[in-house]
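S.K.: predicted model and sequence below, questions to follow.
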Amino acid sequence: MDDDRVGHHTIGEAVVLEPTDRTAADGHRSDASFGELVRDATEQVSTLVRAEIELARLELASSVRRAGVGGALFAGAGVVLLMALPFLFVAVAEGLVAAGLWRWSAYLVVFGVFTLLAGVLALLGRRSLRKVRKPERTIDTVRRAAVTLRRSGTE
């Protein structure tokens, strides 16, 4: 920032802004023109918005890291479960063999049951995906904001 009246220092990664000159007791310079006041207000709002965005970025980065670790642990659990499932399938098939089915037919029954289950899940997933709609209100709001910004930029 080029403004001599605002200084900054950092705490960790956050930027802290502080006034460096001492103005009137109410915080306003009595000799500033209207244009200077508008410029100062614009700069201060811009600085505030940038600082808030930086704070949000830092907070989100920490949350994203934690979520990433949690997601990785869940993924690891899923991999271990997938490695264990074949043992379940074999156990079910061998149970059917012990119940009197031929070995080949027992494994075919297990295959058929799990294939049927996969088909039902696929149909349910397809039905669920068909219900997904694009975010119409958000798209409309963004379009209106863009039109407003274009209009204000040309005036």
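M.R.: Nice, thanks for sending it over. Numbering: from 1, shown residues only.
S.K.: hey, let's count contacts and neighbours off CA atoms from now on
M.R.: Fine.
S.K.: measure the residue sitting nearest the centre point of the chain to residue 127 for me?
M.R.: In the chain, the centroid-proximal residue (Cα atoms, centre = their mean) is residue 64; its distance is 7.9 Å. Residue 64 sits 31 Å away from residue 127, taking Cα to Cα, to the nearest Å as the criterion.
S.K.: and what of residue 58?
M.R.: Applying Cα to Cα to residue 58 and residue 127 gives a distance of 39 Å.
S.K.: of the two, who's got more company?
M.R.: Using other Cα atoms under 10 Å, the more surrounded residue of residue 58 and residue 127 is residue 58, with 14 against 11.
S.K.: that one - that's part of a helix, no?
M.R.: Yes: checked against DSSP: H, G, I helix; E, B strand; the rest coil, residue 58 lies within a helix.
S.K.: give me the pLDDT value at it.
M.R.: Looking at residue 58, its pLDDT is 84.
S.K.: with residue 61 instead?
M.R.: 84.
S.K.: likewise for the one 3 residues further on?
M.R.: Residue-level confidence at residue 64 comes out at 86, pLDDT.
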